[in-house]
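Student: Sequence and computational prediction follow.
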Amino acid sequence: MDEIKEVSLEMREYIISSGAETLNWCMQCGLCTNLCPYRQVPGELSEVFNIRKMQRQGQLGLEGFDDEAVLFACVTCGMCQSNCPRSVEIIKNVRSMRNTIVGAGILPSHLRPVAGSLHANGNPWTGPKEKRADWLEGLNVPAFSADTEYLLYVCCTSCYDTRSQKIAKSVVKLLQQAGVSFGVLTAEENCCGETIRKIGDEELFTKLAESNIKLFNEKGVKKIITTSPHCLYAFKQDYPELGGEYEVMHYSELLSTLLKDGKLSLPGEIAKKVTFHDPCYLGRHNLVYDAPRELLGAVPGVEFVELDRAKNKSLCCSGGGGRIWAEVPFGERFGELRINDAVKQNADVIVTACPYCITMLDDACAGLEKNDVLKVMEMSEFLCESIEK
């Protein structure tokens, strides 16, 4: 028994040293569990996933832990963390616990191809590295150079997924419309590494991040525009730990500023009732709430309506923390709740600003057979519809 306790204590200290410095701040009040989106859906996983209990298991050095599915269920939405009365960095604690498991060679089967592709191809979608820049075909986008103001960093999803490539192309059109000085290094880049770090593979994250930092520094990158809030988080929150210091913004932030400065015009009328789904990594993680709403409100004819759960109370689509690659039964998906929220508001269009959210909401809308009453659009696509009119 003493040996077991000693091993648990050593494991707890290892977890804390891996980034879970606030683990012992948790006083087990249970507010995190009450706010967790898993409380909103039925299913086997929602019955066993308990973020408060997970924090306690971490304090005990994962003593008695025997279910990897539970540990890798957290979507890292930040709802619990942003409301914690003790300011416990819950997501870092989860990441550190996962790191302990991944470091021991244990990774859920659905995530193994993701890690393998990141090692071999620099992206999680098993796409050949030489095809990373294929989305640029037909677009007049220059390579980033020393006299270019912004680097446009397009996330892996929008480099390889056909549906998501439309997002990257729309962002390009908007930036060009506003006369922004930007270029790309797409063919030479690797994944930002945000999600694999949340999954718990710290070594792989470091490999990807250091490669990008070396590239950016050699090319003289100072300012970065991201198409994905997950990349925004990585570059703003993670990369400075490794010496990567840049001025980073999501494309919506820059476009909102350009709109106010009179450099971006959205003249075409779109007479639709529109609502906005706040991505967790744009909202709670990066506190960008106003810019998307300012842009949507500037489109003539738009009747904007808020969802019941909006801004810092937004409900996660369930794509974060590696869950975008998880198979979730119909009827248990967070995205279905968001689609129903939009239908409840009689919205014609639900707009979001994250490639992961688009994937999850598209699937949910199709699964609920709501495509005839509700359209899912990424914000750049919606704005492009206005300028193309």
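Tutor: Yep, that arrived.
Student: If you average pLDDT per helix and strand, which one of the chain comes out bottom?
Tutor: helix 2-17 (a mean of 74; mean pLDDT, DSSP states H and E).
Student: continuing past it, what's the next helix or strand?
Tutor: Remark: after helix 2-17, the chain's next helix or strand is helix 31-35, criterion DSSP states H and E.
Student: Which secondary structure elements does that following helix sit against?
Tutor: Helices and strands touching helix 31-35, by 3 or more C-beta pairs under 8 Å, 6 or more residues apart in numbering; DSSP states H and E, are helix 51-59, helix 79-83. All C-beta atoms are positioned from the backbone trio N, CA, C, and that covers glycine.
Student: pLDDT (mean, whole number) over that helix?
Tutor: Here helix 31-35 scores 97 as its mean pLDDT.
Student: List the buried residues for it?
Tutor: Within helix 31-35, the residues that qualify as buried are 32-33, 35, counting by 16 or more other C-beta atoms under 10 Å.
Student: other SSEs contacting the very next helix or strand once past that helix?
Tutor: Scanning forward in sequence from helix 31-35 by DSSP H and E, the next helix or strand is helix 44-48. Helices and strands touching helix 44-48, by 3+ C-beta pairs under 8 Å, 6+ apart, are helix 68-71.
Student: Grab the nearest non-local neighbour of Cys155.
Tutor: In this structure, Cys155 finds its nearest non-sequential neighbour in Ser228, 3.7 Å apart by C-beta to C-beta, 6 or more residues apart in numbering.
Student: got a list of what that neighbour touches?
Tutor: Taking C-beta atoms under 8 Å, 6 or more residues apart in numbering, we find Ser228 in contact with 155, 157-158, 192, 281, 354-356.
Student: got a markdown table for those residues, with distance to Cys384 too?
Tutor: Listed next are these as a markdown table, based on distance: C-beta to C-beta, whole Å:
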| residue | distance to Cys384 |
| --- | --- |
| Cys155 | 18 |
| Thr157 | 18 |
| Ser158 | 14 |
| Cys192 | 24 |
| Tyr281 | 22 |
| Cys354 | 17 |
| Pro355 | 16 |
| Tyr356 | 20 |
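Student: can you name the two of these that are farthest apart?
Tutor: The span of those, defined through C-beta to C-beta, is set by Ser158 and Tyr281 at 14.7 Å.
Student: Those two: which has the busier surroundings?
Tutor: The neighbour comparison of Ser158 against Tyr281 (other C-beta atoms under 10 Å) goes to Tyr281, with 29 against 25.
Student: hang on, that one is in a helix, isn't it?
Tutor: No: checked against DSSP: H, G, I helix; E, B strand; the rest coil, Tyr281 lies outside a helix; its state is coil.
Student: just checking, it touches Leu232?
Tutor: Yes: if you go by C-beta atoms under 8 Å, Tyr281 and Leu232 touch, sitting 7.0 Å apart.
Student: Remind me what the lengthiest helix in the chain packs against, helices and strands.
Tutor: For the chain, the longest helix by residue count, based on DSSP state H, is helix 202-219. Packing partners of helix 202-219 (3+ C-beta pairs under 8 Å, 6+ apart): helix 90-103, helix 112-121, helix 194-199.
Student: Thanks again, I'm all set now.
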